[in-house]
Each structure stands twice: as C-alpha cells, then as structure tokens.
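# Kindly generate the corresponding structure for this input.
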Amino acid sequence: MRPDLKGPLRLACVYSLFSTLWILGSDNLLHALVQDRALIAELHITKEVLFILLSTGLIFLVSLRDRQTQDQLLKDLTHNSQLLKQAHRNAALGSWEYHEGFHWSQEALNLLDRPASDAQCSLEQLLSWLHPAERAAVQRAMQALLQDQTTLSVSTRLLQPNQQQSTWLMLRGEADEQGEVLGTIQNITTQKRDENALRESDLRFRQLFEQTPRIAVQGYDRERRVIYWNQASNQLYGYNVHEVMGRHLEELIVPPTARNKVVNAIKLWQLGGPPIPAAEIQLQRKDGSLVWVYSSHLMLRNSLDQLELYCVDIDLTEQKKIDSELQVSESRYRRLVEHLGDAIFITNTENQLTFLNPAWEQISGYALHDSLGSPLQRFMPELGQMPLSQHLAELRTGRLDNLRLECQLQTRSGEIRRVELQLNLSSLEQGLHGSLRDMHERHQIQQLQQARNAVLDELLGQHSLQSILAGISRRLECLQPQMRVSIMLLDAHQRLRIGAAPSLPETYSQAIDGVQAGPEVGSCGHAASSGELVIAEDLNTHPYWKDYKGIALAAGLQACWSLPFKDDSGQVLGTFGIYYPQPARPSSADIALVTEFTRLAGLAVQFSGAKTSEPEPFVPTVS
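Here you go, the predicted model:
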C-alpha cells in the first residue's frame, strides 16, 4: 500500500464505521423508546444535526492526531538528519547518489574540494578530478557497480598539483533493492599516512635485523615451520634461507636430546601455558656443533589471527670464551691471593670489611665470617684516632694516592702485633682495598736490638742500674702494651727487691718489695727459688697467690707469669714479672720475647756488680 494513502483511508474507514453505527443504532433506539410519529420526525432532525457535530469532531480529532504524528516524525527525521550530518563532518564523510550521473552532498563536495556548481557530474568529470595513477582503477570499480551491481570500495587521490601532500579518499557504494545506487566518500589521508609510516617502520625493522650481524632472528608458524630467517641466522647456524624455509625448528637448530622438550614447551605456550623464558642455551649448527646463545622468544598473531613464534638469538661464543678466560684468570688470582702470606682486604664506603683472604685468620686470629662486615678500626683502633683518621679522610677524598704505615693490630687473643698497612682507594667500589703484612717479629728484633744498644750505651755511660732496668721495662711494654712489667732483683738474703716497675701502682710495688723468695710465694718468689718459669693465669684461684691476691686484685692485676734471669754460672739474679689486667696466659712468642729481655737485664746486673753488693732501695719511677 502506498504510504500517502494510509492516512486518508484510515479516516474514511473511521467515518464509515461511525456513520453506520450511528444510523442503525440511533434509529432502532428511537423506535424502541418513542411511539409518536410526529415526535420521531422532530427527533430525526435533531439526530442528524447531532450526527453532523459528532462526525465533524471525530474527523477533527483523527486529523489532529495524524498531524501530530507527522510533526513528530518530521521532527525526529530532522534531528536524525542533523546527527547524520554531524557524524559525516566528524568522520570526514560525504554521500552521493547515481542516477544518470553523480549527485553529491555538500559534505562530499567539500571533500572533493569542488564548488556547489559541481553537485551533479558525470563519471568522466569525476575521473578528471582524481590523480591519473588511480583513474583506471576507479573507472573499473564504478563500471562494475553500475553494470553488475558489484559493491564499490576503492581508494584514490585527488588531483592537487600545487600541494605537497596528497589527499586520499575512499569511495564506497552499492545498489539497493530498487536498483538505486547510493554511496559515501570519506577522507582517509590520516589513515594512509599511518599505513605508510607503519610500512616504513616495518621495513626499517626488517632492515635492522637483516643488517645486525650478531642478532639472529627466526620466525616460525604454528607448526614451527620457518617463515623468516635473517642473514645473522645464516652466519650463526650455517643454513642459507632456501635451505630452511618450511622446515621445522627442532630439526634445524635444536640438539636431538632436547627436541621433545622444546616442542612440548612451544605447544603448551600456544595453548595458553607459560611462555618460554629468555635464557642462555646451547643450540646446534648445521655441521652438528653446538653454540651458546642468549635466546628470547615472542608469540604474536598475524593479520589472519594465526599464531607465529619469533626467536631472537644472540651469539655468546665470544662472550663464553672471554668468560672462560676470565674464570681461569680469577682462579689463578684467587689461588695466589689465598696463598699469600699478607692479608688482603677490601672495605666498602662505610669502612666495613667486605673481602678477606685466609692470611687474615693467621695474622689476626679472627675467623673470616666473624670479621666480614666489621669496621677496620675494630682491629686497628689507631685508625679511628688522629692523625691516622685524618690520613684516611685524605685518602678517600683523593688528596692521597695511597697510604703506607706501620700500626698495631689487636688479635683475637688480645695480643698487640705490629703490622705494615698499605691502603688504596678503589674507584670501582668507592671503598678501600689494601694489605696487611705481619711485621711483628721484625719489629721486635729491631726493638730488641735497640734495647741492647741502649743498655750497652747506658752501661758504658755508667748509668744507675735502676735507670737501666727501667729503660728495659719500658721498651718491653712498648712492644707489648698489654703487659705490665716488673724487674725484681734477688739480694744476698734471698729477698726480692724492686729493680724497676714503671707501670705498676706504687702501693703494690711497695707491698711486694723485699718479699722472701721461696716455693709458692707468688709467681716471682717461686720462680726465683726454683729457677723455672711460673705461670698464674688467674690470681684469684692460683694457690701460689693465696697470700697476695688481695693486694694484686686491688691494684687491678689478675694474671702474672714470672721468668727468672741468671748469671753465667746459672745463679738466679732476679725475675721478670709480667702482669695482665685480666686472666691471661702468655704465648710462646711472648715467653721468647721476655727471655731476650731477661738476657739484657742479666747483663746489666752482672756488669754493675749488683750481686756482690746490696741493691739500691726501691724508688718509685714515673712511667
């Protein structure tokens, strides 16, 4: 039914239905209610007037409703048309129709850069507006649409001789059910520019991988068949491109023992499992030899939504060779460092030890795991004091190139050893690295020789025996600062008299001056009577000190060992008493050192003739 007849026909139907119902219904109702013919005639006239009024009102209401519906439809159509035009403008889209020529919308004319006078044109005119390179393709596509009703979709450039950048348009069209040809035209310049940029980027990307000599890239399809193989892959694996295309990954470069594992890992990844991680692995060359590579893997989907696997392999042959040589060099260096007699160490910026060689344990007595992380000053307190702390600061700031000095190392047993310390600033770790050489024995020999020379000089200079013995005590205490030294002389009455005690409290020295030598009379009394070494590790518990521990402990003395010195005939001349402020036992090196000093004391006593005369009374000395 024609849409323009729908409204009038509905109105006619409504009027016919209403008239029929009115006539039949009103006549039957009058005859049923009124019997008077004259009255019925008058009522007929009234009924007809009423019919006219009601039918007029009904026609008005139906017409009004149709008008309102049409107005609303027109309003909606106008709104939709405005929205469509807005969408066309936003999408750079125009429309056209074809019947005996093209009919362009205003938006289409704007895209074609044509005036309003060209709103209608022929196919030949349209082709003249386009770039010559695309005219043939557009003509064939248009003829296929007009003659065979084949859907039109063709891109083309406008003819713009004076512009550097071309304007690209997309022409689309199709024939509807009535055979009318409708279409759109859209500006796709930005899309074309992006496509060209993407194409150029892809070309640069391919050229990059083709021309990178040490990065081998291979591409494989879902069945692991080669679809891409760059020149670096040729060099790394020994295959040419024509040898690998279409062949499986595992038969080309995977060692036989690993093929099943690799195939299963790839299949699991394709099914959504975990990806294959990048790692250093060994792959196989064409000749069967193995090569180390760092292999990374990437799973992508192509334009057909098909999975593709790409492998990026970096040849590690040279690196592995260098690593092997480096390991050999490090092994040699480590063996050398571990067998050095000098202690090698490295500290961080906080001066904490981060590396130590085994010689550290031999020199310091501390285990490596107990020492690492500790500051260097813990073992050499002098480094935290002036002027050594200032020298360390100058070394860290670059004002000194290196630092070499002798200082004292406090061992685990509490012994103070003389060491030669050499320090350098490490530019890599920004910490210190250096070495420790145990100079203790050499230092003791030097000090002992100096002590011998000093004693001889003092004897030749006829210094007093007490002065000579005080000098011997001080030199021994300088070598071993933890020791407190006393030298006692045995007189003719077998009493021990203080010859020198520079660091002992005066009250204690006065208390022991003149003690009778005898068995179990302290350490010195027993040593003088027996002529043997006596060691009392703890005065609080040693039986020889039961009568003297009170005064010793009150003086801050908790350990004592005594070594007698004798004349050439083996007669005891006196004793060296070595005290400690805490329970301790002397080392063999300590005993050997004190033995050397006892020889000096014996020489001094014999030279001065102290055995044949009464010793001088004890006079306290200031240490």
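# quick check: longest helix of this protein.
Using DSSP state H, we find that the single longest helix of the chain is helix 37-90.
# and that one, what other elements does it pack with?
Here helix 37-90 touches helix 3-33, strand 93-98, helix 106-112, going by 3 or more Cβ pairs under 8 Å, 6 or more residues apart in numbering; DSSP states H and E. Just so you know, the C-beta spots here come from the backbone N, C-alpha and C atoms, and that holds for glycine as well.
# TSV please, covering the ones you listed and showing mean neighbour count.
Converted to TSV, those look like this (neighbours: other Cβ atoms under 10 Å):
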stretch	mean neighbour count
helix 3-33	12
strand 93-98	20
helix 106-112	19
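# Which of the ones you listed comes out lowest on mean pLDDT?
Set side by side, the helices and strands packed on helix 37-90 give their lowest mean pLDDT on helix 3-33, at a mean of 72.
# now the longest helix of the chain: how far from the chain's centre is it?
80 Å (Cα atoms, centre = their mean, to the nearest Å).
# Averaged pLDDT, that helix. What do you get?
Across helix 37-90, pLDDT averages out at 75.
# Quick one: closest of the helices and strands packed on helix 37-90 to Ala454.
Nearest of the helices and strands packed on helix 37-90 to Ala454, taken as Cβ to Cβ: strand 93-98 at 111.7 Å.
# Paired strands for the following helix or strand past that closest one, with orientation please.
As assigned by DSSP states H and E, the chain's next helix or strand after strand 93-98 is strand 102-104. Paired with strand 102-104 in the same sheet, following DSSP bridges, are strand 93-98 (antiparallel), strand 120-121 (antiparallel).
# Tabulate these (TSV), appending distance to Asn453.
Below are these laid out as TSV (distance: least, Cβ to Cβ, whole Å):
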stretch	distance to Asn453
strand 93-98	112
strand 120-121	125
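# out of these, nearest to Ile498?
strand 93-98 (118.6 Å).
# got the angle between that closest one and helix 37-90?
120 degrees (axes from the mean of the first three to the mean of the last three Cα atoms, to 10 degrees).
# Residues touching strand 93-98, excluding its own?
Contact with strand 93-98 is made by 87-88, 102-112, 146, 173, 180-187, as judged by Cβ atoms under 8 Å, 6 or more residues apart in numbering.
# Distance from that strand to the middle of the chain?
With Cα atoms, centre = their mean, you get 59 Å for strand 93-98.
# Likewise for stretch 484-495?
71 Å.
# Touching that stretch from outside, list them.
With contacts defined as Cβ under 8 Å, 6+ apart, stretch 484-495 is touched by 469, 472-473, 476-477, 496-504, 509, 512, 514-518, 524, 528-529, 557, 572-581, 601, 605, 610, 614-615.
# ok, 7 Å please
For stretch 484-495, the external contacting residues (Cβ atoms under 7 Å, 6 or more residues apart in numbering) are 469, 472-473, 476-477, 496-501, 503-504, 514-517, 524, 528, 572-579, 601, 605, 610, 614-615.
# what's the answer for stretch 297-311, then?
Under Cβ under 7 Å, 6+ apart, the answer for stretch 297-311 is 217-222, 224, 227, 266, 269-270, 275-276, 278, 295.
# which among these gets closest to Asn424?
Of those, the one sitting nearest to Asn424 (Cβ to Cβ) turns out to be Ala278, at 39.2 Å.
# those helices in the stretch 151-300 of the chain, which residues are they?
189-211, 231-237, 241-244, 249-253, 259-270 (DSSP state H, counting those that start in this stretch).
# now the ones you listed as a markdown table including distance to Leu309?
Shown next, in a markdown table, are the helices of the stretch 151-300 of the chain (distance: least, Cβ to Cβ, whole Å):
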| stretch | distance to Leu309 |
| --- | --- |
| helix 189-211 | 15 |
| helix 231-237 | 14 |
| helix 241-244 | 14 |
| helix 249-253 | 8 |
| helix 259-270 | 6 |
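# Can you get me a residue count around Glu134?
Glu134 is flanked by 18 other residues according to other Cβ atoms under 10 Å.
# Stretch 299-307: which residues count as buried?
Neighbour counts over stretch 299-307 (16 or more other Cβ atoms under 10 Å) mark no residue as buried.
# can you give me the end-to-end distance of it?
Stretch 299-307 has its terminal residues 7 Å apart, counting by Cα to Cα, to the nearest Å.
# so how far is that stretch off the chain centroid?
Counting by Cα atoms, centre = their mean, stretch 299-307 comes out at 33 Å from the chain centroid.
# ok, now stretch 594-605?
65 Å.
# Do a quick rundown of the helices in the stretch 501-623 of the chain.
Under DSSP H, counting those that start in this stretch, the stretch 501-623 of the chain gives helices at 506-512, 522-530, 549-554, 588-608.
# Minimum distance to Gly341: which of those helices has it?
Per Cβ to Cβ, nearest to Gly341 of these: helix 588-608, 16.6 Å.
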